[in-house]
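Asks: how would this look folded up:
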Amino acid sequence: MKNFRQNRQKYIFKSIVLPILLCTAILVIFILGVYKFNNLSLEQDRQLTLAAIKKATVQCYADEGRYPAQLDYLIENYGVKIDYDHFQVTYDCAAANVSPNIAVFRK
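Replies: I've put the predicted structure just below:
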């Protein structure tokens, strides 16, 4: 009788518990990978947004001889696109001939 119980416990572990544990581990690894990929993608988008704004400010200065006073000017006239759902942008222009302070933050 004791041998039957041991064999039954081994069978239950091998056929039920072990596959459930392996599937759970695979699912956790997959979810963590998706989360990490999403964070990397958002960080790259933040850097690209910052680079696009800086490039547009330099282009505006080259074309017009002054830096734009507001970010809206770059959006309207230089085609800068900002994803306000994911990012917050600070644009501080002290003078028309001084490069503005630009920062892009994730929300």
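Asks: Please, which helix or strand holds the residue positioned nearest the centre of the chain?
Replies: Geometric centre of the chain, nearest residue: L42, 1.4 Å, by CA atoms, centre = their mean. L42 belongs to helix 18-64 when assigned by DSSP states H and E.
Asks: what is the orientation angle of whatever helix or strand comes next after that helix with helix 18-64?
Replies: Downstream of helix 18-64, the next assigned helix or strand under DSSP H and E is helix 71-78. Using axes from the mean of the first three to the mean of the last three CA atoms, to 10 degrees, the direction of helix 71-78 lies 80 degrees away from that of helix 18-64.
Asks: What helices and strands are in contact with helix 71-78?
Replies: Secondary-structure packing of helix 71-78 (3 or more CB pairs under 8 Å, 6 or more residues apart in numbering; DSSP states H and E): helix 18-64. C-beta: built from backbone N, CA, C; applies to glycine.
Asks: which strands and helices sit next to the helix it packs on?
Replies: Against helix 18-64 (3+ CB pairs under 8 Å, 6+ apart) you get helix 71-78, strand 87-92, strand 101-106.
Asks: Could you look up the SS state of K10?
Replies: Following DSSP: H, G, I helix; E, B strand; the rest coil, we place K10 in the helix state.
Asks: okay but the residue nearest to the centre of the chain is in contact with R106, surely?
Replies: Yes: counting by CB atoms under 8 Å, R106 is a contact partner of L42 at 6.1 Å.
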